[in-house]
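Chemist: need the 3D shape of this:
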Amino acid sequence: MKSLTLLRHAKSGWDDAVSRDFDRPLNPRGRRAARTVAREMKAQGLAFDLVLASPARRVIETLEEVAAGYGPLAPEYDERLYLASTATLIEIVRATRDEVGRLLLVGHNPGLEELALCLSRRDEAGLRGEVEVKYPTGTMAEIGLPVERWAEIREGIGRIDRFIRPRDLDPELGPDSE
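Modeler: Numbering: from 1, shown residues only. Now for the predicted structure:
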C-alpha cells in the first residue's frame, strides 16, 4: 500500500509587484493557513518518506511555514511540478522509487485537484465529493493507493483518506473572511 499526499501551496499575494507568476509570495493569510494545516498534519501523525515540490516562491514559502508547525521536511525541488498537468504529475509519481511508501507532492492547481480526482474513486465518507467542489489553497489530500509499486497507479485505483482544508481548522481562514 502506498500513500500519496498532495499539498496545494497556501494563498499567495497578488499585490506584490513581481514580474513573473513564479515569483509570487504568500500573503499573511496564506502563511497562517500553512502553519495551521501543518499543525494538523503533525497532530494526525502524518509522515513522509519523500517530499517533491515545485520551486515556485509560493511553494517554498508554504514549506517554510509548514516546517514551523510540522517540522522540517527536506523537500526535493523539481521544476516539472511548477503548474504541472495531471499527466506530468502521474509521470512523476510513477517514477518514484518503490522503497518510498509515503510521498508528498507540493504544488499547484489545477493539477493537484485533477490528480486527486483521477486517482480516487467515490467513497463512503464523501471526501472525493469535497475535492470535486473545491481544492482551496493550503489544502492537503491524502490518497491511499493499493499498489506495491508506484508504476502501478492508474485512474480510480485509490481512496481519499484525508482532506484537510485551512477553513475546517480555523473559520477565519475560509472564503468569507477575505
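Chemist: from now on I want contacts and neighbour counts done on CA atoms only, so please keep to that.
Modeler: OK.
Chemist: quick one: mean pLDDT for stretch 34-44?
Modeler: Mean pLDDT, stretch 34-44: 97.
Chemist: only alpha carbons, please: show that stretch as CSV.
Modeler: Presented in CSV, the C-alpha positions along stretch 34-44 are these (Å, rounded to 0.1, in the frame of the first residue of the first chain):
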residue,chain,number,x,y,z
ALA,A,34,0.1,26.8,6.0
ARG,A,35,1.1,26.7,9.7
THR,A,36,-2.5,25.7,10.7
VAL,A,37,-2.6,22.8,8.3
ALA,A,38,0.9,21.7,9.3
ARG,A,39,0.0,21.5,12.9
GLU,A,40,-3.0,19.3,12.0
MET,A,41,-0.7,17.1,9.8
LYS,A,42,1.5,16.7,12.8
ALA,A,43,-1.4,16.0,15.2
GLN,A,44,-2.7,13.3,12.9
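Chemist: now do the buried residues in that stretch.
Modeler: By neighbour count on 16 or more other Cα atoms under 10 Å, the buried set for stretch 34-44 is Ala34, Arg35, Thr36, Val37, Ala38, Arg39, Glu40, Met41.
Chemist: what of stretch 19-31?
Modeler: Per 16+ other Cα under 10 Å, stretch 19-31 contains these buried residues: Asp23, Arg24, Pro25, Leu26, Asn27, Arg29, Gly30, Arg31.
Chemist: stretch 125-140 too?
Modeler: In stretch 125-140, counting by 16+ other Cα under 10 Å, buried: Leu127, Arg128, Val131, Tyr135, Pro136, Thr137, Gly138, Thr139, Met140.
Chemist: in TSV, list those along with distance to Tyr70, secondary structure and pLDDT.
Modeler: Shown next, in TSV, are the buried residues of stretch 125-140 (distance: Cα to Cα, whole Å; DSSP: H, G, I helix; E, B strand; the rest coil; pLDDT from 0 to 100):
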residue	distance to Tyr70	secondary structure	pLDDT
Leu127	23	helix	92
Arg128	25	helix	94
Val131	23	helix	95
Tyr135	21	coil	96
Pro136	20	coil	96
Thr137	18	coil	96
Gly138	14	coil	97
Thr139	15	coil	97
Met140	13	strand	98
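Chemist: so which elements touch the longest helix anywhere in the chain?
Modeler: Taking DSSP state H as the criterion, the chain has its longest helix at helix 28-43. Judged by 3 or more Cα pairs under 8 Å, 6 or more residues apart in numbering; DSSP states H and E, helix 28-43 is in contact with helix 57-69, helix 166-169.
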